[in-house]
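Here is my input; please provide its structure:
(one chain, ligands or ions: 1)
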Amino acid sequence: MDKLHEQITKLREDFTKGTLSEKDVKQNPFEQFENWLAQAVESQVPEVQAMTLATASKEGIPSSRIVYLREFDNNQFWFYGNYQSRKAKQLAENPNASLSFFWPALERQIRIQGTVTKCTDAYSDNYFNNRPYESKIGSWASAQSSEVSSREELMQKVEELKKHFSADTIKRPEFWGGWILKANYYEFWQGRKSRLHDRIVYELEEGSWKIKRLNP
Ligand SMILES: Cc1cc2nc3c(=O)[nH]c(=O)nc-3n(C[C@H](O)[C@H](O)[C@H](O)COP(=O)(O)O)c2cc1C
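Next up is the predicted model:
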C-alpha cells in the first residue's frame, strides 16, 4: 500500500497537446462546445458522452455522478434517468446544477452550469422508445437510488417484468424520463505545460455572452 501512495503522489502528466486563445474561440459558447465535441468524437475519445452531473440539496449538500449526454441544442443539454432517484430529489428542490466533461486524449475539460427542468413527455417517450428492450426492462425494474436487499431480488423483478411486458408493449414508466440543463456559464480548459493551463469562460451578461480568461 505504501507503494500505491507513493505512486499516486508521484504521478505527473504534463499537458502539451494544444492551446486555447480568446482570439481563436467562437463568440458563441454553444458553437465552441459543438466544435470540441466533434473533435472528441473524431478522436474516438472513449465514453465521450459521459459527463459528471453535480447537483445539490436545498441545504447545499452536493452530490455528483456520471450520466450520459443524450441530446444538445441551443445551450440545452439533455440527460435521462429515474425521477425518484437521488439526483431527481435534489433537482426538484434545487434546479442549479453543473456538467463537466474530461477528454484525456485531447487534454480538455469543459464545465457547464445552468438550471435544470424536466423535459417534455414527448422527448422522454421518444428517447425511451428507441432504447434496447433490456434497458427498458431495467428502467422498470430499478427503483434507482433506493436500497435493494440483494442482486437476486433485482433479477427476479427483471424476470417478472419480462413476462409482463413484451418488446412491443413496453412503454416508458412515469417515474423515468429526461431533464434539460439550460446553460448560463461555460468554461473551456486546455491543459498546458507546467500547469499553466488555458481557461476561457463565457458568462451571460444582459443577454449576451462575455468572454474572459481565468488564471489556471
Ligand atoms: C458511464 C456511465 C454512464 C451513466 N449514465 C447514466 C445515465 O445516463 N442516467 C442515469 O440515471 N445514470 C447513469 N449512470 C449511473 C449514475 O452514475 C448513478 O449511479 C445513478 O444515476 C444514480 O445516481 P443518484 O443516486 O445520484 O441519482 C451512469 C454511470 C456511468 C459510470
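
can we go C-alpha only for contacts and neighbour counts from here?
Will do.

any bit of stretch 78-90 sitting next to the ligand?
Yes - between stretch 78-90 and the ligand, judged by CA under 6 Å from any ligand atom, the touching residues are 79, 80, 81, 82, 85, 86, 87.

Am I right that the second one falls within a helix?
Which is residue 80. No - going by DSSP: H, G, I helix; E, B strand; the rest coil, the assignment for residue 80 is strand, not a helix.

What separation do you get for it and residue 20?
With the distance defined as CA to CA, to the nearest Å, residue 80 ends up 32 Å from residue 20.

Next: the first one.
Applying CA to CA, one obtains 28 Å for the distance of residue 79 from residue 20.

The two: which is more packed in?
When residue 79 and residue 20 are compared on other CA atoms under 10 Å, the one with more neighbours turns out to be residue 79, at 20 against 17.

Could you verify my assumption that that one touches residue 71?
Yes - the pair residue 79 / residue 71 is scored as a contact, 7.3 Å apart, by CA atoms under 8 Å.

Give me the sheet partners of the strand ranked longest in the chain and which way each runs.
Criterion DSSP state E: the longest strand present in the chain is strand 176-190. For strand 176-190, sheet partners with direction are given as strand 76-82 (antiparallel), strand 108-118 (antiparallel), strand 198-205 (antiparallel), following DSSP bridges.

quick one: contacts for the residue most central in space within the chain?
Most central residue of the chain, judged by C-alpha distance to the mean C-alpha position with CA atoms, centre = their mean, is residue 51 at 3.1 Å. Taking CA atoms under 8 Å, 6 or more residues apart in numbering as the contact definition, residue 51 lies against 66, 67, 68, 69, 99, 100, 101, 102.
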